[in-house]
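S.K.: any chance you could fold what I've pasted below:
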Amino acid sequence: MMNNSMKNSVANLPKGTVLLGKWHNQSYTVWKTLGYGATGYVYLTKGPKGFAALKISENSTSITSEVNVLRHFSKVQGFSLGPSLLDVDDWEMKGTNKTYSFYVMEYLEGESLHIFLQKRGMEWAGILILQLLTDLQTLHNEGWVFGDLKPDNLIVTSSPPKIRLLDVGGTTLNGRAIKEFTEFFDRGYWGLGSRKADSAYDLFAVAMIMIHICYPKQFQKNGQHGLEQLRGYIRKNSWLMQYEPVLVQALTGRYPSAETMKKEMLSHMSQKKSGATTSTTKAAAPNSAKKTQSVKGKGSLKHHQASVATNTPSASSKKGWMETAVLLSIVLFAYFFYLYGQMM
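M.R.: As a prediction, this is how the structure comes out:
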């Protein structure tokens, strides 16, 4: 929670407020509030390079810490782990003797995870989780744990759809105590681990994000053992049931890395796709056998020829439909791997 002094100072800055950097002399005009957390407020602003997200706080130490994380992320080649850092400065509020630290970062335009899936469908959920695991593996390789991993700290950008991490305020060096957490996504709350920063802490949160996708209204812990309660929710949902082994492994901290979890996720997704193709092919076989049997049962050649002539349009239509269904399943299977390759 934020203290009262912050609520009376940098909270809810009205639209049109101009923040002039003390050192770099860059000005940023507030357009609206984007969000807030334990360490400060985030505003959509318009500056010299267009729209940008600006985070401001009374706590200069927390700002410095987050800036260091963003600078470290920027050095990781080939990956966008968080928003790009644009500026760091101080703002002297007019009419007061107070100075507030802020930093400016890339404004990521997109949709929340839930809204995106509502529009595009659950077939995208697995792909986005794979993308998230890829970014987490890169983050963990750098010695960091995201910590406060939850849907509020994720955004799905477009062209092509890509999940991105927001708000690095909870990012913690591996081995240290988690700085920020949200109970529902915290393994400590569910009695399934400590709040020591390690890769398994983030992977637990990934499993909880998957559960939260299917249960947007967060449920509270009851008197059951945490794992049993969560498994109960998993088994009530058909999408979650596809990944039950993966979810249980993540919830119990058995994955050594995000890469391992990603491979098992992909394996289950592949089994689902190939299973659908096999089912379609098997469904076609009995119909074909039935038609052949019907033709052989006719008595005279003339009757046989008439029967064939009569049945040919119907058989061709059904055969064409079945072939289309099989081909469509194969194309969808191939398209899935294409998307995976393009967006990972």
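S.K.: Gly193 belongs to a strand?
M.R.: No - going by DSSP: H, G, I helix; E, B strand; the rest coil, the assignment for Gly193 is coil, not a strand.
S.K.: for the nearest residue to it once chain neighbours are set aside, what are its contacts?
M.R.: Distances taken as Cβ to Cβ, 6 or more residues apart in numbering place Arg187 nearest to Gly193, at 3.8 Å, with adjacent residues excluded. To be clear about C-beta, it is placed using only N, CA and C from the backbone, and glycine gets the same treatment. The neighbours of Arg187, taking Cβ atoms under 8 Å, 6 or more residues apart in numbering as the test, are Gly193, Ser194, Arg195, Ala200, Tyr201, Phe204, Ala205, Leu251, Gly253.
S.K.: give me the buried entries from the residues you listed.
M.R.: Buried subset of those (neighbour count, 16 or more other Cβ atoms under 10 Å): Gly193, Arg195, Ala200, Tyr201, Phe204, Ala205, Leu251, Gly253.
S.K.: among these, which lie within helices?
M.R.: Applying DSSP state H to the buried ones among the contacts of Arg187, the entries found in helices are Ala200, Tyr201, Phe204, Ala205, Leu251.
S.K.: among these, which two are most distant?
M.R.: Longest distance between any two of these is 11.7 Å, between Tyr201 and Leu251; criterion Cβ to Cβ.
S.K.: that older thread, next, format the ones in helices among the buried ones among the contacts of Arg187 as TSV and append distance to Tyr36 and pLDDT.
M.R.: TSV is the format used below for these (distance: Cβ to Cβ, whole Å; pLDDT from 0 to 100):
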residue	distance to Tyr36	pLDDT
Ala200	29	98
Tyr201	24	98
Phe204	25	98
Ala205	20	98
Leu251	30	98
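S.K.: and which of those residues is nearest Ser270?
M.R.: The nearest member of those to Ser270, counting by Cβ to Cβ, is Leu251 at 22.4 Å.
S.K.: identify the spatial nearest neighbour of the closest one, chain neighbours not counted.
M.R.: Leaving aside its sequence neighbours, Leu251 sits nearest to Ala207 (Cβ to Cβ, 6+ apart; 5.1 Å).
S.K.: and for Met208?
M.R.: Using Cβ to Cβ, 6+ apart, the closest residue to Met208 is Phe185 (4.6 Å).
S.K.: quick one: the one you found and Lys150 touch, right?
M.R.: Yes - shown here, Phe185 and Lys150 form a contact pair, counting by Cβ atoms under 8 Å, at 4.7 Å.
S.K.: what's the neighbour count on the closest residue to Phe181 other than its chain neighbours?
M.R.: Excluding the flanking residues, the one nearest Phe181 by Cβ to Cβ, 6+ apart is Asp148, at 5.5 Å. For Asp148, the neighbour count with other Cβ atoms under 10 Å is 24.
S.K.: Gly232 versus Asp148, what's the distance?
M.R.: From Asp148 across to Gly232, the span is 26 Å (Cβ to Cβ, to the nearest Å).
S.K.: Gly21 now?
M.R.: Relative to Gly232, and taking Cβ to Cβ, Gly21 is found at 53 Å.
S.K.: of these two, who's got more company?
M.R.: Ranked by neighbour count (other Cβ under 10 Å), Gly21 and Gly232 place Gly21 first, with 18 against 11.
S.K.: from the middle of its chain, how far away would the strand ranked longest in the chain be?
M.R.: If you go by DSSP state E, the chain has its longest strand at strand 27-37. Between the centre of strand 27-37 and the centre of its chain there are 24 Å (Cα atoms, centre = their mean, to the nearest Å).
S.K.: show me what counts as buried in it.
M.R.: Residues Tyr28, Val30, Leu34, Tyr36, Gly37 are the ones in strand 27-37 that count as buried (16+ other Cβ under 10 Å).
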